[in-house]
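K.L.:
quick one, structure for this:
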Amino acid sequence: MSLRRAALTREISAEPPSEFLIFAPGENHTSKGTYIFDAAAAQSVMAQAQKCGVDYMIDLDHLVIKPDTARTDATDARGWFRVELRADGSLWAVGVSWTLDGARRLRERTQRYVSPLFTHDDAGRIRELLNVALVAMPATFDAQPLVAASRNAPGSALHTLSLMLASQISRRTKKHGS
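P.N.:
Here you go, the predicted structure:
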């Protein structure tokens, strides 16, 4: 197996993350405004999570709240998680379990980001987390992908090495008639 194929196979079979950041402490800037996740927001979100007592759903592109969709799988989960407040004041999804479709979408990079659905007060302070969606284009600025860009992407060091090795193997094969 070529180095290029081995790298691609290794990357595709990588497991989706078991945890990810939902809200950073302080201001969270989005294309829809700036939202605050501070001690008051954390207390409100965690109280609601405890009150509900169930795992949160990961949906696809917020389809669960779009009633006009023609998709039959619009309300299907792509994963499940619990929330955890970290010492730095950030909110994380933990114990994430992905459905087969959710994991496939991450491996194939049809969606790479998450987008939280939440309520907030008039000042922009987050009050309640409703769910998180897998999306291709997040509204949150500087969102980190759940699946990193390919290490073998054109222009990467691994891609260049792969092309060089493939070229050398091809030349040797032609030279020796194999």
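K.L.:
who does the longest strand along the chain pair up with?
P.N.:
Longest strand in the chain, counting residues (DSSP state E): strand 126-135. Strand partners for strand 126-135, identified by DSSP bridges, are recorded as strand 56-60 (parallel), strand 113-120 (antiparallel).
K.L.:
chain center to the first one: distance?
P.N.:
Put simply, strand 56-60 sits 11 Å off its chain's centre (C-alpha atoms, centre = their mean, to the nearest Å).
K.L.:
check the last one too.
P.N.:
How far strand 113-120 lies from its chain's middle: 12 Å, per C-alpha atoms, centre = their mean.
K.L.:
i'd like the first residue to be 52 from this point on
P.N.:
Yes, from this point I'll number from 52; that puts the last item at strand 164-171.
K.L.:
any buried residues in it, and which?
P.N.:
164-169, 171 (16 or more other C-beta atoms under 10 Å). (Each C-beta comes from the backbone N, C-alpha and C, glycine too.)
K.L.:
mind picking the two most distant members of these?
P.N.:
For these, the maximum inter-member distance is 20.0 Å, found between Y164 and H171 (C-beta to C-beta).
K.L.:
D152 against D127, yeah?
P.N.:
Yes. Using C-beta atoms under 8 Å, D152 is in contact with D127, at 7.3 Å.
K.L.:
shared neighbours, the two?
P.N.:
Common contact partners of D152 and D127 (C-beta atoms under 8 Å, 6 or more residues apart in numbering): none.
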